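# Below: sequence and its predicted model.
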Amino acid sequence: MSNFLFGYHIGVMNGPIISIARELGFEGDPILEGLVVSIFIAGAFVGSISCGSLVDKLGCRRTFQIDTIPLIVGAIVSAQAHSLDEILLGRFLVGLGIGVNTVLVPIYISEVAPTKYRGLLGSFSQIGTCLGIILSLFLGIPAEDDPHWWRTMFYIASIPGFLLALGMQISVESPRWLCRVGNINDAESIIRNLWGESEVDKAIEEFQSVIKNDGSDVNSRWLELLEEPHSRVAFVGGALFALQQFAGINGVLYFSSLTFQDVGIASGALASLFVGLTNFAGALCASYFIDTQGRKKLLIGSYLGMAVSMFLIVFAINFPSDEDFSHNLSILGTLMYIFTFAIGAGPVTGLIIPELSSNRTRGKIMGFSFSVHWVCNFLVGLFFLDLVEIFGIAPVYTGFGSVSLLSAIFALYFIVETKGRSLEEIEMSMNSNFPAKR
């Protein structure tokens, strides 16, 4: 539900921004229109950076429930906005909630899911994002004829927030966090119900061993991210998200509607729907391969596929021997890029960082990594069109393809495979200070 909300709010501004600008009196001002869209990213940055401390103190379950407040209030404020200030406040609050959620979901899944299903459940979050985007695109179709429909879309956005708050009321807390705060009996009960009776003793022993060695009290410090082995994981997490964004996913998504127009698909909603369905298909494939092929292979293969897709589009642009063929090749390259992104670079990046992180610093490493994600997301959005105007789309896409190749090389040398290993096994293997098992 959290990632469904994330996807919904990604897509909800695509069509209605024109109606919003017209009704609230800033139509034709690209700076203010851009501010209404980008204030969401500012809120998400603040939410991401604050989530680590919240989850350390409150646990995942309570943090989820508190986080529904800005999600619900922000959606309602946006729906009732009658001025620029009010829509900015609403979008900032929603961004704040989404920023917390994007950090919290992979932490919760990695800490609660049984080891053999961790990848599968992690990939479901990407599927939720895809479904949210697709629904927002469907609901956005009436906005082309009804100038006030955007208010209904924002009211609808508040419903998943209520469902999330209610759902977390009957969900379990992370057994790892419960161990850290001394609630061993509750942790045992959750492990028994979710993982099976045979896993209880082994899991509790591993939890306590890591806590004892790592000094895992409830509150970690940000400065610990400068110390080994936490600094290595923080570097990998920040780098993975920077490379993901600079590989151009948001630029390609933005430009895809123009690419579809070239082959006669004039409807932006229809073009976005093609993109959303391709994204969804890739996420479904990822849910199968992530636990069979492993995270590292999927990440490398994904970035190589993205690079090939980018270079295919560049070839179509630079060698237009047949106009129809070139346009179709560009469509193929765009859909290939989105599919290969959704099969690896999208879901694996968010999943593998909490798997590599230590129990003590997982929240703060995830908060740092996602804050890098939002900064890079903002920079790509800010400069993409200017770069296209100055250099042309082919050189920019060549840059995206080159970053994709660099990302594959980075994954080859810096990513540790986590498939089929408990979080404690991964932490022990990465921490040279941990006593060897006998």
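The structure has been received and is ready for your questions. Being a predicted model, the structure only gives us computed values, none of them experimental. Numbering: from 1, shown residues only.

# any weak-confidence spans in the stretch 251-400 of the chain?
254-270 (pLDDT under 70).

# Where do the helices of it begin and end?
268-289, 295-318, 323-340, 347-356, 362-391, 393-414 (DSSP state H, counting those that start in this stretch).

# could you dump these to a markdown table with mean neighbour count?
All C-beta atoms are positioned from the backbone trio N, CA, C, and that covers glycine. Shown next, in a markdown table, are these (neighbours: other CB atoms under 10 Å):
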| stretch | mean neighbour count |
| --- | --- |
| helix 268-289 | 20 |
| helix 295-318 | 22 |
| helix 323-340 | 19 |
| helix 347-356 | 27 |
| helix 362-391 | 20 |
| helix 393-414 | 19 |
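
# between those, which one is nearest to Glu427?
Nearest to Glu427, of all these, is helix 347-356, at 8.5 Å by CB to CB.

# Can I get the closest one in CSV? Just the C-alpha atoms.
In CSV, the C-alpha atoms belonging to helix 347-356 read as follows (Å, rounded to 0.1, in the frame of the first residue of the first chain):
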residue,chain,number,x,y,z
PRO,A,347,13.6,-3.1,-7.4
VAL,A,348,17.1,-4.5,-6.6
THR,A,349,18.6,-1.1,-5.6
GLY,A,350,16.1,-0.5,-2.8
LEU,A,351,16.2,-4.1,-1.6
ILE,A,352,20.0,-4.8,-1.5
ILE,A,353,21.0,-1.7,0.6
PRO,A,354,19.1,-2.8,3.8
GLU,A,355,20.4,-6.3,3.2
LEU,A,356,24.0,-5.1,3.2
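
# any idea of the angle it forms with helix 393-414?
30 degrees (axes from the mean of the first three to the mean of the last three CA atoms, to 10 degrees).

# and helix 347-356, what does it pack onto?
Helix 347-356 sits against helix 84-112, helix 118-140, helix 230-246, helix 268-289, helix 295-318, helix 362-391, helix 423-430, with contacts defined as 3 or more CB pairs under 8 Å, 6 or more residues apart in numbering; DSSP states H and E.

# Any chance of JSON lines for the ones you listed, columns distance to Phe162?
Converted to JSON lines, those look like this (distance: least, CB to CB, whole Å):
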{"stretch": "helix 84-112", "distance to Phe162": "13"}
{"stretch": "helix 118-140", "distance to Phe162": "16"}
{"stretch": "helix 230-246", "distance to Phe162": "30"}
{"stretch": "helix 268-289", "distance to Phe162": "25"}
{"stretch": "helix 295-318", "distance to Phe162": "34"}
{"stretch": "helix 362-391", "distance to Phe162": "25"}
{"stretch": "helix 423-430", "distance to Phe162": "32"}
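
# chain center to stretch 42-55, what's the gap?
14 Å (CA atoms, centre = their mean, to the nearest Å).

# what residues does it touch?
63, 66-67, 70, 91-104, 107, 177, 219-220, 363-368, 370-371, 373-375, 378 (CB atoms under 8 Å, 6 or more residues apart in numbering).

# Then stretch 341-348?
122-123, 125-126, 130, 244, 247, 249, 278-283, 285-286, 289-290, 295, 298-303, 305-306, 407.

# Quick one: end-to-end distance for that stretch.
In stretch 341-348, first residue to last residue: 10 Å (CA to CA, to the nearest Å).

# List the buried residues of it.
Buried residues in stretch 341-348, defined by neighbour count with 16 or more other CB atoms under 10 Å: 341-348.

# Of all the helices and strands packed on helix 347-356, which one is nearest Val36?
The nearest among the helices and strands packed on helix 347-356, by CB to CB, is helix 84-112 at 5.9 Å.

# Show me what that closest one is packed against.
So helix 84-112, by 3+ CB pairs under 8 Å, 6+ apart, packs with helix 2-11, helix 17-24, helix 30-79, helix 118-140, helix 149-169, helix 175-180, helix 347-356, helix 362-391.

# what about the third one, average pLDDT?
Across helix 30-79, pLDDT averages out at 92.

# That one relative to helix 2-11, how many degrees between them?
140 degrees.

# got it, and the last one?
For helix 362-391 against helix 2-11, the angle by the same axes, to 10 degrees is 20 degrees.

# List the contacts of the nearest residue to Gly122 once chain neighbours are set aside.
Closest residue in space to Gly122, ignoring its immediate chain neighbours: Leu351 at 3.8 Å, by CB to CB, 6 or more residues apart in numbering. Counting by CB under 8 Å, 6+ apart, Leu351 touches 106, 109-110, 118-119, 122-123, 290, 295.

# Redo those as a markdown table? Include distance to Ser326.
Formatted as a markdown table, the contacts of Leu351 follow (distance: CB to CB, whole Å):
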| residue | distance to Ser326 |
| --- | --- |
| Pro106 | 40 |
| Ile109 | 42 |
| Ser110 | 44 |
| Arg118 | 43 |
| Gly119 | 38 |
| Gly122 | 38 |
| Ser123 | 34 |
| Ile290 | 35 |
| Arg295 | 36 |
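
# Of those - the most surrounded one?
Counting neighbours by other CB atoms under 10 Å, Gly119 comes out on top of the contacts of Leu351 with 31 neighbours.

# Isn't that one up against Ile290?
Yes: at 3.8 Å, Gly119 counts as touching Ile290 under the criterion of CB atoms under 8 Å.

# Overlap of the contact sets of these two?
In contact with both Gly119 and Ile290: 351, 419, using CB under 8 Å, 6+ apart.

# Of the helices and strands packed on helix 84-112, flag the one that's most buried.
helix 347-356 (a mean of 27; mean count of other CB atoms under 10 Å).

# So Leu385 versus Pro30, what's the distance?
Counting by CB to CB, to the nearest Å, the gap from Leu385 to Pro30 is 10 Å.

# and Asp85, how many neighbours?
10.
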